[in-house]
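1. Let's see this in three dimensions:
(one chain, ligands or ions: 1)
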Amino acid sequence: MTESASDPALDRALALVRPADLAADARTDEGFLDLIGDREAPRPTAAQHAMNNGFVAAIYENLWRPVGAAAMGVGGLSGESERERAAADLALGGEQRVLDVACGPGNFTHFFGTQLTGDGIAVGLDISRPMLAQAVRRNRGERVAYVRGDARHLPFDDGTFDAVCCYAALYLVPEPLTIVNELIRVLAPGGRIAVMTSYGRGREPVRSALSLVAGTLGVRMFDRDTLPAIFHAAGLTGVRQQFHGLAQFLGAAKP
Ligand SMILES: C[S@@+](CC[C@H](N)C(=O)[O-])C[C@H]1O[C@@H](n2cnc3c(N)ncnc32)[C@H](O)[C@@H]1O
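-> Here you go, the predicted structure:
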């Protein structure tokens, strides 16, 4: 791979990547570890396609996400309080290793890094180069590093992280359940997971109509049971689920 930039946090993130996932053409010259390069990324949904756009990446944190959260009726939860909620659900602190999957422009990853001390590190992983370029511009930190990779095949060994977060992404991707299983796989025993995704609330036929409209935009509406069932089947404990408008928040621990 190309020379590592002189960024100790990036070097620490690099050390966590499985050697088999460190392709010969992996590079760090844009300030993040790029494990994909120019190889073909998965065929995106319409919503994913938007995330691969420089303009959307630039306005995501201050405009796109607040508007999206309001549209989902995440009432009363500002971006800041959502971050604090995630950090509390993950019980962040000390020298933990934290993974923020589908981190976008690092709007959560940076905050997670500020919760850590010593050798703690928050790694933000995303597939979009424009999003990660924005993360490096706006959300760098002493204990923060970014990796370009595919959440469907996380490039880390089982049990690498003390905390794993995935907010506002599962409803955009074609294979969300594959990603959920990956989140659980890389979580260490004793670690905590926090997920935020969509919730198709309402009675029939309103719920089906909502799912249909969302589907045309490439957005999947999750029901109440799918994610808790996966968490329970994987043996996670203390599974909690809360609903805010069209969003659901899940937290659990790996025994
Ligand atoms: C709406 S943003 C979420 C950003 C941040 N987590 C938040 O809560 O604001 C969704 C992100 O998922 C990323 N994404 C989509 N498919 C992905 C995949 N297969 N692997 C990694 N990231 C992916 C997109 O590039 C985009 O940055």
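
2. Would you map the strands across the stretch 151-255 of the chain?
-> 161-167, 187-198, 237-244, 247-253 (DSSP state E, counting those that start in this stretch).

3. Nearest to the ligand among these would be which one?
-> strand 161-167 (3.5 Å; C-beta to the nearest ligand atom). The C-beta positions use only the backbone N, C-alpha and C, and glycine is treated the same way.

4. on that earlier part again, just say which of the strands of the stretch 151-255 of the chain is most tucked in.
-> Mean neighbour count, computed with mean count of other C-beta atoms under 10 Å, is highest for strand 161-167 among those, reaching a mean of 26.

5. Let me see the mean pLDDT of it.
-> In this model, strand 161-167 has a mean pLDDT of 98.

6. by contact count, what packs against it?
-> helix 79-89, strand 97-101, helix 176-185, strand 187-198 (3 or more C-beta pairs under 8 Å, 6 or more residues apart in numbering; DSSP states H and E).

7. Get me the contact residues on the stretch 151-255 of the chain for the ligand.
-> By C-beta under 6 Å from any ligand atom, the residues of the stretch 151-255 of the chain that approach the ligand are 151-152, 167-169, 172-173.

8. What is the nearest of those to N62?
-> Nearest to N62 out of these is A168 (C-beta to C-beta; 14.9 Å).

9. quick one, what contacts R12?
-> 119, 121, 145 (C-beta atoms under 8 Å, 6 or more residues apart in numbering).

10. Of those residues, grab the buried ones for PyMOL.
-> To isolate in PyMOL the members of the contacts of R12 that are buried, counting by 16 or more other C-beta atoms under 10 Å, one can use:
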select buried, resi 121+145
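
11. Could you count how many residues lie near H110?
-> Using other C-beta atoms under 10 Å, H110 has 22 other residues around it.

12. Next: G141.
-> Other residues lying near G141 total 17 when counted by other C-beta under 10 Å.

13. What's opposite it in the beta bridge?
-> Here G141 sits in beta bridges with V144, going by DSSP bridges.

14. I'd say it and A9 touch.
-> Yes - between G141 and A9 a contact is recorded at 7.3 Å, counting by C-beta atoms under 8 Å.

15. between those two, what contacts are shared?
-> By C-beta under 8 Å, 6+ apart, the residues touching both G141 and A9 are G113.

16. picking that back up, which one of the residues of the stretch 151-255 of the chain next to the ligand sits closest to M196?
-> Looking across these and measuring by C-beta to C-beta, the closest to M196 is Y167, at 4.1 Å.

17. Would you mind measuring from the closest one to G238?
-> Look at Y167 and G238: by C-beta to C-beta, to the nearest Å, they are 19 Å apart.

18. Count the residues that sit near N107.
-> Using other C-beta under 10 Å, N107 has 25 other residues around it.

19. Contacts only, for the closest residue in space to L227 that isn't next to it in sequence.
-> Nearest non-adjacent residue to L227, counting by C-beta to C-beta, 6 or more residues apart in numbering: L250, 5.5 Å away. Residues near L250 by C-beta under 8 Å, 6+ apart: 193-197, 227-228, 231, 239-241.

20. Show me the beta-bridge partners of L250.
-> Beta-bridge partners, per DSSP bridges, of L250: V195, Q241.

21. ok, now how distant is it from E82?
-> Look at L250 and E82: by C-beta to C-beta, they are 14 Å apart.

22. OK, contacts around the closest residue in space to Y167 that isn't next to it in sequence?
-> In space, and not counting its chain neighbours, Y167 is closest to M196: 4.1 Å by C-beta to C-beta, 6+ apart. Contacts were defined as C-beta under 8 Å, 6+ apart; by that measure M196 touches 82, 86, 166-168, 247-250.

23. thinking Q242 is in contact with P228, fair?
-> No - contact criterion C-beta under 8 Å: Q242 and P228 do not qualify, at 11.5 Å.

24. anything in contact with each of those two?
-> Counting by C-beta under 8 Å, 6+ apart, nothing touches both Q242 and P228.
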